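>>> structure for this input, please:
(2 chains)
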Protein chains: 2
Amino acid sequence: MSISLRTLALAPLLAASLVAAPAAADTLVDNVQGMSIDRDGRITRFTGIWIDDDGRVKQLLQRKDKKPRTDFGVDGKGAVVIPGLIDSHLHVMGIGFAALTLDLSDTTSLAEAQAKIRAYAAQYPDRKWIVGRGWNQETWNLGRFPTAAELDAAESGRPVLLTRVDGHAVWANGAALRAAGVTAQTADPAGGRIERLAGSRAPAGVLVDNAAELVQRAVPAPRPDDYDLALAKAQEMLLARGITAAADMGTSIQDWQSFRRAGDGKWLRMRIMSYAGGVEAMELIAGPGPTPWLYDDKLAMVGVKLFLDGALGSRGAWLKAPYADDPRNTGLPLTTTTQLRNLMSRAALDKFQVAIHAIGDAANADALFAIEELAATYKGDRRWRIEHAQIVAPGDIPRFGANGVIASMQPVHQISDRVMAEARLGPGRLTGAYAWRSLSAAGAPLAFGSDAPVEAPDPFAGLAAAISRTGPDGQPFGGWMPGEIVPRETALAAYTAGGAYASFGETRFGQLKPGLRADFVMVDRDPMLATPADLRQTRVLQTWVGGERVFNAGAPADSPPAAPSR
Amino acid sequence: MSISLRTLALAPLLAASLVAAPAAADTLVDNVQGMSIDRDGRITRFTGIWIDDDGRVKQLLQRKDKKPRTDFGVDGKGAVVIPGLIDSHLHVMGIGFAALTLDLSDTTSLAEAQAKIRAYAAQYPDRKWIVGRGWNQETWNLGRFPTAAELDAAESGRPVLLTRVDGHAVWANGAALRAAGVTAQTADPAGGRIERLAGSRAPAGVLVDNAAELVQRAVPAPRPDDYDLALAKAQEMLLARGITAAADMGTSIQDWQSFRRAGDGKWLRMRIMSYAGGVEAMELIAGPGPTPWLYDDKLAMVGVKLFLDGALGSRGAWLKAPYADDPRNTGLPLTTTTQLRNLMSRAALDKFQVAIHAIGDAANADALFAIEELAATYKGDRRWRIEHAQIVAPGDIPRFGANGVIASMQPVHQISDRVMAEARLGPGRLTGAYAWRSLSAAGAPLAFGSDAPVEAPDPFAGLAAAISRTGPDGQPFGGWMPGEIVPRETALAAYTAGGAYASFGETRFGQLKPGLRADFVMVDRDPMLATPADLRQTRVLQTWVGGERVFNAGAPADSPPAAPSR
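Numbering: from 1, shown residues only, chains lettered A, B, ... in the order given. Predicted coordinates for the structure are as follows:
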């Protein structure tokens, strides 16, 4: 697309937009069943979108409206159009690297995993390390962690390091443990645990939470080219699922430099709201305050992600009472009370948004205390976020509303974690688990996401989970703790306008309305009408970001998210 | 300035430029005595510049030409216009930080320095460390390095750390040595030396070359705000001296992030050609290859700066034979032969330009050998640079021409170093010292600069030095080794078109001719006619970068290089 001379003849009218961002021609996308939705779930219907030269919505059209003459026209052929989906918690580079590395998430037994590792090692004889992720001893029905010896049985010549599905533990083979110098003499680091062989100090092969770093640091770091490939791959996957914007949780300087290369090189096709991985990265990347919105609102560092605890699966989540299936363990906080507040202050002082990872009920309670304390000092529109907010004591739920704390939650986690969560917590403590509706009712703005690559970055699976609390198998009938099901409107808003609000983007994108960026998805069914099972089968036909078509099922996109050619 | 409607009426003609960078209106700068110059020193004269909407030269006008109608007109009132000056070797942040910290470069005795330190300490009672630079025991006629005790006499309560004028040694007080843990037990690091008290191992107070780092690392790191202030200050100073573009030698990630904040925040007013401070920084900043030219050609990382030796003043320069005034010392290389070639390979493989700091004749010979070896593998237009090329064995001079090695030299160094260089080298080894004309005659493309903040970033002082080899005092009569004087045309070209070529910028800026960025300076005298003494007195009236006036003596610039307001 390029600016047409006809458009320039309308110069006086369009002068401002031309100067601002003359990326595309003005465009009419017509003959669609369109809907937009605001943060409160109010739906607007339309049949056409008139898009400005600068990629913003100029007007939503109804069938009766006179069609404007535009440079570029697209016949939607009756497809359903919804606002671009926003994933409010994922890991962009993690998605890309995971897609490019060994994936064990579909294995159902240790033996199957071993076979897959063996095949991957044979496929990539030149890789110095075999790295991968996605294993879960629970789905293998192993009843225990796997061992280094079991990994050596698949590959013993080269180091192998495989991250657990939840990212909170790693499984190393003998060569990896040797390369990392982890031995019987190695002590558990603070906030981490080296699994030991029974009756011995010898490392068993799995390293939990902060102990994972002992081996991870021996893995050769990826090069900038690897980052760029991963970013291109992640964009391709996300756009194909209708995700036009995502909050990247835990951006490193290397991640950020790749985001910028994509922006500078015109191959950044989606929006990334970046949360630095800690305050050091925040200061290095963004400097004295949040960055401006760059590349036509495609990239900004708005805040920082802080870790308060681990995950439920690996029993790293910090609970108020011991694990039901591990009575001497309550999990552990990864920072002290004072450290957390100091980190939050450093961020808030410079007007960065603070997003706190909190899974267990003790972590959520402490995060809320910290926010309550800090909010007294750092006033104004701060939009404190709690990431996951998975297990919240019922008495703590109203505290979200009091400070407008955003609950950034991942509906699919409820589906994946259900059996495990019941085991970890026992029946008595599930009232505030994955409590979407209660949190929303308490006044917590909701922002939904996937935590990809922990889960697949599939917003339609997320929507189906949110409105049913049943899995792809339809189980459990009627939904798990069905009182926490949210209305379709709430779910879709949490995946669109709510996500934009959660990252201070709502004046730029998140809804389809005049003045906002024209980010939308054409799909083959109406998410307000489809059954949960049907919703999961949604086909994305086209994805548009800022008035440009960046994914076109079965056809090349006009602006494909290609990797840079070198 | 904003796009006028009249201009838009010419839309078909201007469509391309509008799309590219619609920053300014089209402008006529008229009634000037203008000149441009190409790399070979050929001069073009003109009386007006017609500048495009995108800040590029559209046409150079002669008095007889019909004046175009433009949106914006400036009467040059007969001023001399020359191309924007390019400083091919300086340290942007160093300039800014130096301007904001204690400056001892004008002190002529130890006592005067002590008084100035005392006054500065009183002025800034809140600073935890007193840091500064610019001392030179030679200009103090001290005949030795100063001591920690002498610094304690000025300020003993807080740590004080002062960098020598050449950047190759530091002077610390007792508190600074204690804070850094430097004691009699501390060994000299590789490539560095801790000066010791006579008859003792106790540190005397001065630490040379790599030993400086022992104390420097104890200084609290500057924050992003400090970088931004320093960058704003440096721009202000450089633009006021007519410098529109500069090669930043040794960019760190923190420097770069500040450059980007300036670009993103629209307060980057000059061009910065960045050379990373080592290959790690290069990879982190630029990634798999040089960055594109960003912000309308105002910023690019084109290459990497590698250090091969130290400086002559601190006897760190690597010589083929011992120092005349230190017969057991030949200086030292900072990398081994193999290390240097490995670093060069890593850069060249990814198409980064390589700039090697080489001061002594041994360093220059080794740099040339390395380039000769590498050039056989990394073919094409590589533009290998040697920074300083201060002392070159006469037999090595032709080797510059053979590989088109750019000699990036700083004429004022010859003036400042003359007496010291004579002492260090003795009379027999000065033939290839600051050998501008011989290097140029041998076919080395010349690029001139200041090495600021080591010297003042004053291109007119540099031009005067280049065409006279006399100091501000007119000494020595007829010039020091006058055979190395270069013609005015050569000197001006090395400060303009030669500088652009030396950083791969010549298709974008460096001359005033149609299609290149309109970077120019209005001055009060003609550098082709003024005496060297007059040339030093040149007043800069206005400085323009990309068609925008960014410095206007005695009046606010249209686009002042202000710091961001927060």
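>>> backbone torsions only: list them for the residue positioned nearest the centre of chain A.
Geometric centre of chain A, nearest residue: A:Leu90, 1.7 Å, by CA atoms, centre = their mean. Per-residue torsions, A:Leu90: phi -150, psi -180 (degrees, to the nearest 10).
>>> so what pLDDT did it get?
pLDDT for A:Leu90: 98.
>>> distance check, it against chain B.
22 Å (CB to the nearest CB, to the nearest Å). No exception for glycine: its C-beta is placed from N, CA and C like everyone else's.
>>> what residues are up against that residue?
A:246-249, A:449-453, A:457 (CB atoms under 8 Å, 6 or more residues apart in numbering or on different chains).
>>> and the closest residue in space to it that isn't next to it in sequence, how many neighbours?
Among residues not flanking A:Leu90 along the chain, A:Ala452 sits closest, at 4.3 Å (CB to CB, 6 or more residues apart in numbering or on different chains). Applying other CB atoms under 10 Å in any protein chain shown, we find 25 residues neighbouring A:Ala452.
>>> and A:Ala452, that's in a strand?
No - counting by DSSP: H, G, I helix; E, B strand; the rest coil, A:Ala452 is not part of a strand but coil.
>>> wait, it sits on A:Gly96?
No - the pair formed by A:Ala452 and A:Gly96 falls short of the contact definition of CB atoms under 8 Å, at 10.3 Å.
>>> rewinding a little: for B:Gly278, state which of the contacts of A:Leu90 is nearest.
Closest approach to B:Gly278 among the contacts of A:Leu90 (CB to CB): A:Asp248, at 28.1 Å.
>>> return the distance of stretch A:64-75 from the chain's centre.
Offset of stretch A:64-75 from its chain centre (CA atoms, centre = their mean, to the nearest Å): 35 Å.
>>> from chain B, how far out is the closest residue to A:Thr335 other than its chain neighbours?
Excluding the flanking residues, the one nearest A:Thr335 by CB to CB, 6+ apart is A:Leu308, at 6.4 Å. Taking CB to the nearest CB as the measure, A:Leu308 falls 26 Å from chain B.
>>> ok, A:Leu308 - contacts?
Counting by CB under 8 Å, 6+ apart, A:Leu308 makes contact with A:318, A:333-335, A:340, A:356-358, A:363, A:366-367.
>>> top of these by neighbour count?
Tallying neighbours with other CB under 10 Å puts A:Ala363 at the head of the contacts of A:Leu308, with 32 neighbours.
>>> dihedrals phi and psi, it?
Main-chain torsions, A:Ala363, degrees, to the nearest 10: phi -60, psi -40.
>>> hmm, A:Gly316 and A:Leu332 touching each other?
Yes - A:Leu332 is within contact range of A:Gly316, at 6.8 Å (criterion: CB under 8 Å).
>>> how far does the helix or strand where A:Thr543 lies sit from its chain's centre?
Per DSSP states H and E: A:Thr543 is located in strand A:540-545. Computed by CA atoms, centre = their mean, the chain-centroid distance of strand A:540-545 equals 19 Å.
>>> then that strand to CSV, C-alphas only?
Extracted C-alpha coordinates of strand A:540-545, given in CSV (Å, rounded to 0.1, in the frame of the first residue of the first chain):
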residue,chain,number,x,y,z
VAL,A,540,-9.2,-17.0,12.5
LEU,A,541,-9.6,-15.8,8.9
GLN,A,542,-7.8,-12.5,9.0
THR,A,543,-5.9,-10.4,11.6
TRP,A,544,-5.5,-6.7,11.2
VAL,A,545,-3.3,-4.4,13.2
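>>> show residues contacting that strand.
So strand A:540-545 is contacted by A:29, A:79, A:84, A:239-244, A:269-271, A:298, A:517-524, A:549-553, A:557 (CB under 8 Å, 6+ apart).
>>> in strands only, show me the residues you listed.
Assigned to strands by DSSP state E, the following of these qualify: A:29, A:243-244, A:271, A:520-523, A:549-552.
>>> of all the residues you listed, which comes closest to A:Ile117?
Closest approach between the ones in strands among the contacts of strand A:540-545 and A:Ile117, by CB to CB: A:Ile243, at 30.1 Å.
>>> list the contacts for the closest one?
Applying CB under 8 Å, 6+ apart to A:Ile243 gives the contacts A:84-87, A:270, A:457, A:459, A:543.
>>> using JSON lines, lay out those together with pLDDT.
Below are these laid out as JSON lines (pLDDT from 0 to 100):
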{"residue": "A:Gly84", "pLDDT": "98"}
{"residue": "A:Leu85", "pLDDT": "98"}
{"residue": "A:Ile86", "pLDDT": "98"}
{"residue": "A:Asp87", "pLDDT": "98"}
{"residue": "A:Met270", "pLDDT": "98"}
{"residue": "A:Pro457", "pLDDT": "97"}
{"residue": "A:Pro459", "pLDDT": "98"}
{"residue": "A:Thr543", "pLDDT": "98"}
